[in-house]
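K.L.:
3D, please:
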Amino acid sequence: MLKLAAAFSTLAAFAPFVASQSAVWGQCGGIGWSGASTCASGSVCTYSNAYYSRRCTLTVGTGSGGGGTAPSSTVSSPSPTGSGGLPVGTSTSKLNTVAKAAGKTYFGTATDNSELTDAAYTAILDDNTEFGQISPANSWKWDATEPSQGDFTFTQGDAILSLAKGNGQLLRGHNCVWYNQLPSWVNSLSGSALSSAMVNHCTTLLTHYKGDTYSFDIVNEPFNDDGTWRTDVFYNSLGTSYVNTVLTAARTADPSTKLYINEYNLEYPSGKSDSMLSLVQSLQAADVPLDGIGFQGHLIVGQVPTTFQSQMEEFTALGLEVAITELDIRMTLPATAALYEQQKTDYQNVVAACNAIEKCVGITIWDFTDKYSWVPSTFPGSGAALPWDSNLVKKPAFDGIVAGFA
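P.N.:
Got it, this is the predicted structure:
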């Protein structure tokens with residue numbers, strides 16, 4: 001996953017206001033504010049923005065409490081706020097509905113089995129106008145499906161399949177061959193034994209879900225950030241040919257699903273993106289089946305590359321489709337109104353990049369609520385990466401997604 005460190009500029013503090021109460025239209029809070037936080041009689045402290053966060057506005061039906069009348073431009077409803085006074089999303093649109101109206105195949109989310117007992121969560125997850133596609137976060141990976149060699153189990157994986165089918169949602173398979181979450185027995189193999197086990201695993205997995213997936217991440221994260229091949233058990237023993245071998249086996253196992261290579265940090269020009277382009281070209285030259293490239297999209301607030309669209313177009317120019325497969329945009333905690341607004345802009349820009357490309361078929365967020373995000377445990381001090389907060393309340397990021405499809 002993404003290894004970049006987040007960095008944000010220190011926000012300037014305002015000079016303190018020394019009175020015990022702030023006059024009408026005076027400041028009563030904000031970043032760095034150390035003055036009065038209560039307002040003169042007849043007025044209330046109202047959110048404005050992060051830099052002049054709160055002002056004393058008139059209570060409806062009262063006098064000014066301190067002389068004068070509010071300018072007409074300031075008499076407006078306060079911005080909706082949620083827990084901690086942070087802004088919330090206000091759009092009533094449904095994400096999959098707006099995505100499909102924009103010509104996309106789906107807007108989706110990842111989920112995990114442990115979350116499916118949360119009734120408030122599943123009430124949102126099950127709405128196929130919100131999410132038209134589901135990705136199994138963990139239950140289709142190698143350690144979950146073949147913990148012992150030849151001993152396959154699909155109980156948890158089938159629960160995700162049943163969920164999606166029952167809701168009329170598409171499925172993206174995730175994943176077949178990845179260096180991580182491997183049982184120890186896989187790492188003990190080499191040569192023809194490893195190749196045979198890899199082909200058997202992928203063939204069994206895709207055969208079990210044959211006809212049930214829109215697409216499948218066959219190879220996940222094959223490169224280091226500098227563009228060198230990741231030195232995992234597959235590359236170390238089989239070289240680059242393991243990609244050709246497993247893609248060919250996957251096509252045989254399920255000719256109906258779209259075969260993907262899925263990777264992070266492809267959103268900007270780099271050694272990794274150059275190597276991925278070279279790999280695609282070599283696979284095409286050898287007639288190895290490949291249908292799409294997944295741009296994971298684990299991003300940082302305020303650091304979303306402006307090259308996202310052009311990078312995706314590098315691959316669609318080769319005849320492939322692309323998808324954003326694991327989108328989240330994390331921030332350094334604690335969350336602030338300013339960070340929420342920047343996150344809204346960032347989500348809008350990412351979605352707009354996909355929306356501008358005909359062959360960008362869809363977007364998947366890596367779960368939809370901060371309650372179940374992988375970010376805090378992986379990037380200590382970071383979080384709040386998803387469009388719903390941990391209380392299942394929409395954030396401004398939700399509105400940004402809707403705007404990105406406009």
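K.L.:
Can you list the buried residues in stretch 310-319?
P.N.:
By neighbour count on 16 or more other Cβ atoms under 10 Å, the buried set for stretch 310-319 is Q311, M312, E313, E314, F315, T316. (C-beta placed from N, C-alpha, C; glycine too.)
K.L.:
Name the surrounding residues that touch it.
P.N.:
By Cβ atoms under 8 Å, 6 or more residues apart in numbering, the residues outside stretch 310-319 that reach it are 266-269, 273, 276-277, 280-281, 284, 293, 295, 305, 322, 353-354, 357-360.
K.L.:
From those residues, keep the buried residues only.
P.N.:
266-267, 273, 276-277, 280, 293, 295, 305, 322, 353-354, 357, 359-360.
K.L.:
mind listing which of the buried residues of stretch 310-319 are in helices?
P.N.:
Q311, M312, E313, E314, F315, T316 (DSSP state H).
K.L.:
chain center to the longest strand along the chain, what's the gap?
P.N.:
Scanning the chain for the strand with the most residues, using DSSP state E, yields strand 321-332. Strand 321-332 sits 4 Å away from the centroid of its parent chain (Cα atoms, centre = their mean, to the nearest Å).
K.L.:
Give the pairing partners of it; include direction for each.
P.N.:
strand 292-295 (parallel), strand 298-300 (parallel), strand 360-365 (parallel), strand 382-383 (antiparallel) (DSSP bridges).
K.L.:
Flag the helix or strand of this protein with the lowest per-element mean pLDDT.
P.N.:
strand 54-58 (a mean of 43; mean pLDDT, DSSP states H and E).
K.L.:
How about the helix or strand just after that one, which residues are buried there?
P.N.:
Going down the chain from strand 54-58, the next helix or strand is helix 95-101, by DSSP states H and E. For helix 95-101, a neighbour-count test (16+ other Cβ under 10 Å) marks L95, N96, T97, V98, A99, K100 as buried.
K.L.:
Tell me which residue is most central in this protein.
P.N.:
Nearest residue to the geometric centre of the chain (Cα atoms, centre = their mean): L327, 2.0 Å.
K.L.:
what's the distance between that residue and D212?
P.N.:
23 Å (Cβ to Cβ, to the nearest Å).
K.L.:
domains of the protein?
P.N.:
The chain is divided into the following domains under automatic domain parsing: 20-78, 95-404.
K.L.:
and those domains, which one is worst for confidence?
P.N.:
When those are compared by mean pLDDT, domain 20-78 comes last with a mean of 45.
K.L.:
On the three-state scheme, L194 is what?
P.N.:
Using DSSP: H, G, I helix; E, B strand; the rest coil, the structure places L194 in helix.
K.L.:
What count of nearby residues applies to it?
P.N.:
The tally of other residues near L194 (other Cβ atoms under 10 Å) stands at 19.
K.L.:
Return the backbone torsion pair for the residue nearest to it when sequence neighbours are not counted.
P.N.:
Of all residues not flanking L194 in the chain, S237 sits nearest, at 5.2 Å (Cβ to Cβ, 6 or more residues apart in numbering). Backbone torsions for S237, taken as degrees, to the nearest 10, come to phi -100, psi -40.
K.L.:
burial measure for S237, as a count.
P.N.:
S237: 17 surrounding residues under other Cβ under 10 Å.
K.L.:
got the contact list for it?
P.N.:
So S237 contacts L189, S190, G191, L194 (Cβ under 8 Å, 6+ apart).
K.L.:
Relative to S195, how far out is the nearest residue to the third one once chain neighbours are set aside?
P.N.:
Distances taken as Cβ to Cβ, 6+ apart place S237 nearest to G191, at 6.0 Å, with adjacent residues excluded. S237 sits 8 Å away from S195 when distances are taken as Cβ to Cβ.
K.L.:
Export the domains of the chain to JSON lines and append columns for distance to L86.
P.N.:
Listed next are the domains of the chain as JSON lines, based on distance: least, Cβ to Cβ, whole Å:
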{"stretch": "domain 20-78", "distance to L86": "9"}
{"stretch": "domain 95-404", "distance to L86": "6"}
